[in-house]
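Novice: can't give you the sequence, but here's the structure:
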(Lines give C-alpha, C1' and ligand atoms only; values in the text may rest on other atoms or scores of the structure.)
Protein backbone atom coordinates (compact mmCIF):
# COMPACT_ATOMS: atom_id res chain seq x y z
CA UNK A 1 0.00 0.00 0.00
CA UNK A 2 1.39 3.38 -1.00
CA UNK A 3 1.00 6.03 1.68
CA UNK A 4 1.96 9.65 1.07
CA UNK A 5 2.69 11.75 4.15
CA UNK A 6 2.56 15.43 3.30
CA UNK A 7 2.69 19.04 4.40
CA UNK A 8 2.64 22.27 2.40
CA UNK A 9 4.04 25.73 3.04
CA UNK A 10 2.21 28.66 1.49
CA UNK A 11 2.87 32.35 0.93
CA UNK A 12 0.61 35.30 0.05
CA UNK A 13 -0.49 36.27 -3.46
CA UNK A 14 2.01 37.29 -6.09
CA UNK A 15 2.29 40.98 -6.97
CA UNK A 16 0.52 40.31 -10.29
CA UNK A 17 -2.71 39.68 -8.30
CA UNK A 18 -2.52 42.81 -6.13
CA UNK A 19 -4.68 44.99 -8.39
CA UNK A 20 -7.49 42.43 -8.42
CA UNK A 21 -7.18 41.84 -4.68
CA UNK A 22 -7.23 45.58 -4.00
CA UNK A 23 -10.51 45.83 -5.91
CA UNK A 24 -11.98 42.88 -3.97
CA UNK A 25 -10.82 44.37 -0.68
CA UNK A 26 -12.30 47.80 -1.37
CA UNK A 27 -15.57 46.26 -2.57
CA UNK A 28 -15.97 44.11 0.54
CA UNK A 29 -15.06 47.01 2.78
CA UNK A 30 -17.58 49.34 1.13
CA UNK A 31 -20.33 46.75 1.65
CA UNK A 32 -19.55 46.56 5.36
CA UNK A 33 -18.24 43.01 5.19
CA UNK A 34 -15.68 41.84 7.69
CA UNK A 35 -12.18 42.42 6.32
CA UNK A 36 -8.72 43.20 7.66
CA UNK A 37 -8.05 46.71 8.90
CA UNK A 38 -5.79 47.56 5.95
CA UNK A 39 -4.88 46.11 2.57
CA UNK A 40 -1.46 44.84 3.64
CA UNK A 41 -3.07 42.78 6.39
CA UNK A 42 -5.69 41.53 3.92
CA UNK A 43 -2.94 40.59 1.48
CA UNK A 44 -1.05 38.67 4.16
CA UNK A 45 -4.12 36.53 4.78
CA UNK A 46 -4.12 35.23 1.20
CA UNK A 47 -1.57 32.58 2.17
CA UNK A 48 -4.62 30.69 3.50
CA UNK A 49 -6.59 31.23 0.26
CA UNK A 50 -6.14 28.81 -2.62
CA UNK A 51 -7.61 31.32 -5.05
CA UNK A 52 -4.71 33.74 -4.71
CA UNK A 53 -2.15 32.37 -2.24
CA UNK A 54 0.77 30.31 -3.53
CA UNK A 55 2.38 26.99 -2.67
CA UNK A 56 6.02 27.59 -1.84
CA UNK A 57 6.82 23.92 -1.37
CA UNK A 58 5.32 20.52 -0.69
CA UNK A 59 7.04 18.17 1.72
CA UNK A 60 6.25 14.51 1.23
CA UNK A 61 7.41 11.04 2.13
CA UNK A 62 6.26 7.77 0.60
CA UNK A 63 5.83 5.01 3.19
CA UNK A 64 9.10 4.83 5.17
CA UNK A 65 11.24 6.75 2.68
CA UNK A 66 13.02 9.94 3.83
CA UNK A 67 10.97 13.12 3.56
CA UNK A 68 11.78 15.30 0.55
CA UNK A 69 10.77 18.66 -0.84
CA UNK A 70 9.05 19.62 -4.08
CA UNK A 71 10.11 23.20 -4.75
CA UNK A 72 10.60 25.74 -7.51
CA UNK A 73 7.92 26.98 -9.93
CA UNK A 74 4.49 26.43 -8.38
CA UNK A 75 3.04 24.81 -11.50
CA UNK A 76 5.95 22.37 -11.67
CA UNK A 77 5.51 21.57 -7.96
CA UNK A 78 1.90 20.61 -8.62
CA UNK A 79 2.79 18.50 -11.65
CA UNK A 80 5.40 16.59 -9.64
CA UNK A 81 2.98 16.11 -6.77
CA UNK A 82 0.23 14.64 -8.94
CA UNK A 83 2.72 12.37 -10.69
CA UNK A 84 3.68 10.95 -7.30
CA UNK A 85 0.06 10.86 -6.15
CA UNK A 86 -1.19 8.91 -9.16
CA UNK A 87 -0.57 5.53 -7.53
CA UNK A 88 -1.17 6.57 -3.90
CA UNK A 89 -3.66 4.68 -1.74
CA UNK A 90 -3.72 7.01 1.26
CA UNK A 91 -2.76 10.65 1.85
CA UNK A 92 -1.79 11.39 5.45
CA UNK A 93 -1.37 14.80 7.06
CA UNK A 94 -2.52 17.10 9.84
CA UNK A 95 -5.50 19.30 8.94
CA UNK A 96 -5.18 18.30 5.29
CA UNK A 97 -8.95 18.08 4.77
CA UNK A 98 -9.42 21.75 5.49
CA UNK A 99 -6.10 23.06 4.24
CA UNK A 100 -3.29 21.16 2.50
CA UNK A 101 -5.18 18.87 0.10
CA UNK A 102 -7.88 21.45 -0.52
CA UNK A 103 -5.24 24.13 -1.26
CA UNK A 104 -3.40 21.76 -3.62
CA UNK A 105 -6.62 21.07 -5.53
CA UNK A 106 -7.54 24.75 -5.74
CA UNK A 107 -4.10 25.81 -6.97
CA UNK A 108 -4.20 22.97 -9.52
CA UNK A 109 -7.42 24.43 -10.93
CA UNK A 110 -6.05 27.98 -11.00
CA UNK A 111 -2.82 26.90 -12.69
CA UNK A 112 -4.52 24.37 -15.01
CA UNK A 113 -2.67 21.33 -13.71
CA UNK A 114 -4.82 18.22 -14.11
CA UNK A 115 -4.88 16.14 -10.90
CA UNK A 116 -3.92 12.52 -11.53
CA UNK A 117 -6.58 11.52 -9.00
CA UNK A 118 -9.53 13.56 -10.23
CA UNK A 119 -12.00 11.45 -8.29
CA UNK A 120 -10.11 11.71 -4.98
CA UNK A 121 -12.84 11.75 -2.33
CA UNK A 122 -12.99 14.53 0.24
CA UNK A 123 -15.83 12.80 2.06
CA UNK A 124 -15.53 13.25 5.79
CA UNK A 125 -15.90 10.80 8.68
CA UNK A 126 -13.56 8.24 7.14
CA UNK A 127 -9.84 7.55 7.09
CA UNK A 128 -9.35 6.63 3.42
CA UNK A 129 -8.22 7.89 1.00
CA UNK A 130 -7.40 10.89 3.22
CA UNK A 131 -6.24 10.22 6.76
CA UNK A 132 -6.31 13.53 8.66
CA UNK A 133 -4.51 13.08 11.98
CA UNK A 134 -6.24 16.12 13.47
CA UNK A 135 -9.72 14.75 12.83
CA UNK A 136 -8.81 11.13 13.53
CA UNK A 137 -7.53 12.22 16.94
CA UNK A 138 -10.77 14.03 17.82
CA UNK A 139 -12.90 11.41 16.05
CA UNK A 140 -14.36 14.19 13.93
CA UNK A 141 -15.35 16.43 16.83
CA UNK A 142 -15.23 19.82 15.07
CA UNK A 143 -14.91 21.61 18.41
CA UNK A 144 -11.97 19.60 19.70
CA UNK A 145 -9.23 20.37 17.18
CA UNK A 146 -5.61 19.90 18.22
CA UNK A 147 -2.43 21.34 16.72
CA UNK A 148 0.36 19.09 15.48
CA UNK A 149 2.68 20.76 17.99
CA UNK A 150 0.46 19.81 20.94
CA UNK A 151 -0.28 16.32 19.64
CA UNK A 152 3.38 15.44 19.10
CA UNK A 153 4.30 16.68 22.55
CA UNK A 154 1.51 14.63 24.10
CA UNK A 155 2.77 11.54 22.27
CA UNK A 156 6.41 12.09 23.18
CA UNK A 157 7.34 12.84 19.56
CA UNK A 158 9.70 15.67 18.67
CA UNK A 159 7.63 18.70 17.70
CA UNK A 160 8.48 20.30 14.35
CA UNK A 161 7.97 23.68 16.03
CA UNK A 162 10.92 23.24 18.39
CA UNK A 163 13.26 24.96 15.93
CA UNK A 164 11.38 28.25 16.36
CA UNK A 165 9.79 28.32 12.92
CA UNK A 166 6.07 27.91 12.34
CA UNK A 167 3.60 28.68 9.57
CA UNK A 168 3.13 32.29 10.66
CA UNK A 169 6.82 33.03 10.04
CA UNK A 170 7.23 31.30 6.67
CA UNK A 171 6.67 34.43 4.55
CA UNK A 172 9.20 36.42 6.59
CA UNK A 173 11.74 33.65 6.08
CA UNK A 174 10.87 33.57 2.38
CA UNK A 175 11.46 37.32 2.02
CA UNK A 176 14.77 36.93 3.85
CA UNK A 177 15.81 34.21 1.41
CA UNK A 178 15.89 31.52 4.09
CA UNK A 179 14.46 28.82 1.86
CA UNK A 180 16.52 25.95 3.23
CA UNK A 181 15.25 26.67 6.74
CA UNK A 182 11.67 26.54 5.43
CA UNK A 183 12.31 23.27 3.59
CA UNK A 184 13.82 21.65 6.70
CA UNK A 185 10.84 22.79 8.76
CA UNK A 186 8.43 21.38 6.16
CA UNK A 187 10.24 18.03 6.17
CA UNK A 188 10.13 18.01 9.98
CA UNK A 189 6.34 18.40 9.77
CA UNK A 190 6.16 15.41 7.42
CA UNK A 191 8.32 13.30 9.74
CA UNK A 192 6.20 14.31 12.73
CA UNK A 193 2.88 13.51 11.07
CA UNK A 194 4.20 10.11 9.99
CA UNK A 195 5.24 9.35 13.57
CA UNK A 196 1.81 10.47 14.83
CA UNK A 197 0.06 8.31 12.24
CA UNK A 198 2.05 5.24 13.26
CA UNK A 199 1.13 5.79 16.89
CA UNK A 200 -2.53 6.21 15.98
CA UNK A 201 -2.71 2.94 14.03
CA UNK A 202 -0.54 1.14 16.65
CA UNK A 203 2.26 0.49 14.17
CA UNK A 204 4.75 0.21 17.03
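Specialist: It's in. Bear in mind the structure is a predicted one, so any value in this text is a computation, not a measurement. Numbers count the residues shown, from 1 in each chain.

Novice: going by C-alpha atoms from here, please, whenever you check contacts or count neighbours.
Specialist: Will do.

Novice: dihedrals phi and psi, the residue of the chain positioned farthest from its centre?
Specialist: Using C-alpha atoms, centre = their mean, the residue of the chain lying farthest from its centre is residue 30. It sits 31.8 Å away. Dihedral pair for residue 30: phi -70, psi -20, per degrees, to the nearest 10.

Novice: also the one 5 residues further on?
Specialist: In terms of degrees, to the nearest 10, the main-chain angles of residue 35 are phi -140, psi 170.

Novice: count the neighbours of the spatially closest residue to it that is not a sequence neighbour for me.
Specialist: Closest residue in space to residue 35, ignoring its immediate chain neighbours: residue 29 at 6.5 Å, by C-alpha to C-alpha, 6 or more residues apart in numbering. For residue 29, the count of nearby residues is 15 (other C-alpha atoms under 10 Å).

Novice: per-residue pLDDT, residue 29?
Specialist: As predicted, residue 29 sits at a pLDDT of 89.

Novice: so it is in which element?
Specialist: Using DSSP states H and E, residue 29 maps to helix 18-30.

Novice: what helices or strands is that helix leaning on?
Specialist: Under the contact criterion of 3 or more C-alpha pairs under 8 Å, 6 or more residues apart in numbering; DSSP states H and E, helix 18-30 touches helix 39-44.

Novice: what does the helix it packs on contact?
Specialist: Residues outside helix 39-44 that contact it (C-alpha atoms under 8 Å, 6 or more residues apart in numbering): 12-13, 18, 21-22, 25, 35-36.

Novice: filter those down to the buried ones.
Specialist: In the contacts of helix 39-44, burial by neighbour count holds for 12-13, 21, 25, counting by 16 or more other C-alpha atoms under 10 Å.

Novice: okay if I get the residues you listed as JSON lines plus pLDDT and distance to residue 175?
Specialist: Formatted as JSON lines, the buried ones among the contacts of helix 39-44 follow (pLDDT from 0 to 100; distance: C-alpha to C-alpha, whole Å):
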{"residue": "12", "pLDDT": "96", "distance to residue 175": "11"}
{"residue": "13", "pLDDT": "96", "distance to residue 175": "13"}
{"residue": "21", "pLDDT": "95", "distance to residue 175": "20"}
{"residue": "25", "pLDDT": "94", "distance to residue 175": "24"}
